[in-house]
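> Sequence first, predicted coordinates after that:
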Amino acid sequence: MPSRIASYEGIGVGEVFEDCAYHPCLCVKIDAENDEIVGVSLIDGSFPRCCSIKHCGIRKLSIAEALEWKVKGPKDVKIEPHKKWWTQI
């Protein structure tokens, strides 16, 4: 189950998180001073995917969850049909 990231100590570079658009992302930079976590989308490779721990409610994912998200999307979140990337693959 994905876990909510409550502080910048809860994630590190090289780990996977879910951004505001529910894309699983590989964390490439953490800037706690400016409240920013930066990642690369594992869905479409888009970069930068920038989020805030304080304002975005991001979650840490396991590799297995990231792979499942890529194919099926997150199972615990309702997403508008036009934003469901997994139906476009």
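Yep, it's here.

> helix or strand right after the biggest strand by length in the chain?
Assignment by DSSP state E gives strand 24-31 as the longest strand of the chain. From strand 24-31 onward toward the C-terminus, using DSSP states H and E, the following helix or strand is strand 36-41.

> Check the offset of the helix or strand following that next one from the chain's centre.
Using DSSP H and E, the helix or strand that follows strand 36-41 towards the C-terminus is strand 49-51. Between the centre of strand 49-51 and the centre of its chain there are 8 Å (C-alpha atoms, centre = their mean, to the nearest Å).

> count of neighbours near residue 82?
Residue 82 is flanked by 7 other residues according to other C-beta atoms under 10 Å. All C-beta atoms are positioned from the backbone trio N, CA, C, and that covers glycine.

> same question, residue 80
6.

> So for the top helix by length along the chain, what gets flagged as buried?
When the chain is parsed with DSSP state H, its longest helix is helix 63-72. For helix 63-72, a neighbour-count test (16 or more other C-beta atoms under 10 Å) marks 65, 66, 68, 69, 70 as buried.

> so the nearest residue to the fourth one once chain neighbours are set aside bridges to which residues?
If I follow you right, that is residue 69. Counting by C-beta to C-beta, 6 or more residues apart in numbering, residue 24 is the residue found nearest to residue 69 once chain neighbours are left out, at 4.6 Å. Per DSSP bridges, the residues bridged to residue 24 are residue 18.

> what sits against residue 24?
Residues in contact with residue 24 (C-beta atoms under 8 Å, 6 or more residues apart in numbering) are 16, 17, 18, 41, 42, 43, 61, 65, 66, 69, 70.
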